[in-house]
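In: Attaching a predicted model along with its sequence, questions to come.
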Amino acid sequence: MLEDSELETLYYVDDSGIHGKGLYARVPIRKGEYMGTYNGPEGYEEGDEVLENGSHVLWAEQDNGEWVGRDGQNILRYLNHSPVPHAEFEGFDLYAVRNIEQGEELTIDYGEEPDPDFCD
């Protein structure tokens, strides 16, 4: 997992043409490259997931089919939506789905809202 200081050497936040603020690449990123982990507040530990949706909550489906939410507090919370994303999450880890150039705004596909019956 990359620390916040490491993430800030790779990415920066600026105004977005998509929505509010966005996350941008400081350096080129190769397809398939690990880009960081969507982390909760300082002192966060596994099992500290949230139970309700919110503006920076990322939901990840677990192997057992249940959904777990994490309230993102690191720089990755500035990822905006695009139907043609630059990256995608595998659980809470982010990977590039194509080559990304320096200065590009980084996006993910937000997908659909999880079914609340499958959330803890």
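Out: Alright, I've got the coordinates.
In: so where's this structure shaky on pLDDT?
Out: Residues of the chain meeting the criterion pLDDT under 70: 41-48, 112-120.
In: As a check, name the ranges of all strands in it.
Out: Secondary structure of the chain by DSSP state E: the strands cover 11-15, 21-25, 34-37, 57-61, 67-71, 80-81, 87-90, 93-96, 105-108.
In: quick one: which of those is nearest Glu49?
Out: Shortest separation from Glu49 across the strands of the chain is recorded for strand 67-71, at 4.7 Å, computed as CB to CB. Quick note: C-beta positions are derived from backbone N, CA and C, even for glycine.
In: Just the CA atoms from that closest one would do, formatted as CSV, please.
Out: The C-alpha trace of strand 67-71 is given here as CSV (Å, rounded to 0.1, in the frame of the first residue of the first chain):
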residue,chain,number,x,y,z
TRP,A,67,-20.6,-5.5,-0.1
VAL,A,68,-18.2,-3.5,2.2
GLY,A,69,-18.0,0.3,2.2
ARG,A,70,-14.9,2.4,3.0
ASP,A,71,-15.0,6.1,3.5
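In: helices or strands next to it in the packing?
Out: strand 57-61 (3 or more CB pairs under 8 Å, 6 or more residues apart in numbering; DSSP states H and E).
In: got a list of contacts for the strand it packs on?
Out: Residues from elsewhere that reach strand 57-61 (CB atoms under 8 Å, 6 or more residues apart in numbering): 38, 50, 53, 67-72, 89, 91-92, 114, 118-119.
In: could you flag which of the residues you listed are buried?
Out: Tyr38, Val50, Trp67, Val68, Gly69, Arg70, Asp71, Gly72, Phe89, Phe92, Pro114, Cys119 (16 or more other CB atoms under 10 Å).
In: which non-adjacent residue is nearest the first one?
Out: Spelled out, it's Tyr38. Phe92 (4.5 Å; CB to CB, 6 or more residues apart in numbering).
In: do you know how far that neighbour is from Glu104?
Out: 22 Å (CB to CB, to the nearest Å).
In: go on, Val97?
Out: 13 Å.
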